[in-house]
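# requesting a structural model of the entry that follows:
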Amino acid sequence: VQLVESGGGLVQPGGSLKLTCVASGFTFSIYGMRWYRQAPGKERELVASISSVGGVTNYADSVKGRFTISRDNAKNTGYLQMNRLKPEDTAVYYCYAYVTLGGRTEYWGQGTQVTVSS
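I've put the predicted structure just below:
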């Protein structure tokens, strides 16, 4: 079972990045998916979430209108498109998949660093 993020990097303020999360070893299509981030010295923060079939999305107020979460279940892949990036978006971004069937099953990716700086 794996969630593997990619797409992080260094970008100037106002720029864009697209994070990718590839799932393997489980039935991704029945799992809800979230993106979290954690900046140095801060708690992990929920950034965006998407339902298993992609019909329902939610965003933190701090990213609403700038970030878009999506998924392609045929490719077992989730995405986070980040536009108009700000220095305060600098953090390690984590992909998270979860399902509640009887009990809760959840998986975390290893994280990808996003740095917004001039």
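
# just give the nearest non-adjacent residue to residue 54, would you?
Nearest residue to residue 54, sequence neighbours excluded (Cβ to Cβ, 6 or more residues apart in numbering): residue 71, at 5.2 Å. (C-beta placed from N, C-alpha, C; glycine too.)

# the nearest residue to residue 17 once chain neighbours are set aside pairs with what?
Take residue 17 and drop its neighbours on the chain: the residue closest to it by Cβ to Cβ, 6+ apart is residue 82, 5.0 Å away. Bridge pairing for residue 82 (DSSP bridges) gives the partners residue 17, residue 67.

# same deal with the one 10 residues further on?
The residues paired with residue 92 through beta bridges, assigned by DSSP bridges, are residue 38, residue 113.

# ok, the residue nearest to residue 17 - how many residues close by?
For residue 82, the tally of surrounding residues (other Cβ atoms under 10 Å) stands at 26.

# ok, it - contacts?
Residue 82 sits next to 16-19, 63, 66-67, 89, 114 when contact means Cβ atoms under 8 Å, 6 or more residues apart in numbering.

# make a markdown table out of the residues you listed and add neighbour count.
Below are these laid out as a markdown table (neighbours: other Cβ atoms under 10 Å):
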| residue | neighbour count |
| --- | --- |
| 16 | 11 |
| 17 | 20 |
| 18 | 13 |
| 19 | 25 |
| 63 | 22 |
| 66 | 15 |
| 67 | 21 |
| 89 | 22 |
| 114 | 22 |
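
# got a list of contacts for stretch 100-118?
Residues outside stretch 100-118 that contact it (Cβ under 8 Å, 6+ apart): 1-13, 15, 17, 19, 21, 23, 26, 31, 37-38, 82, 85-99.
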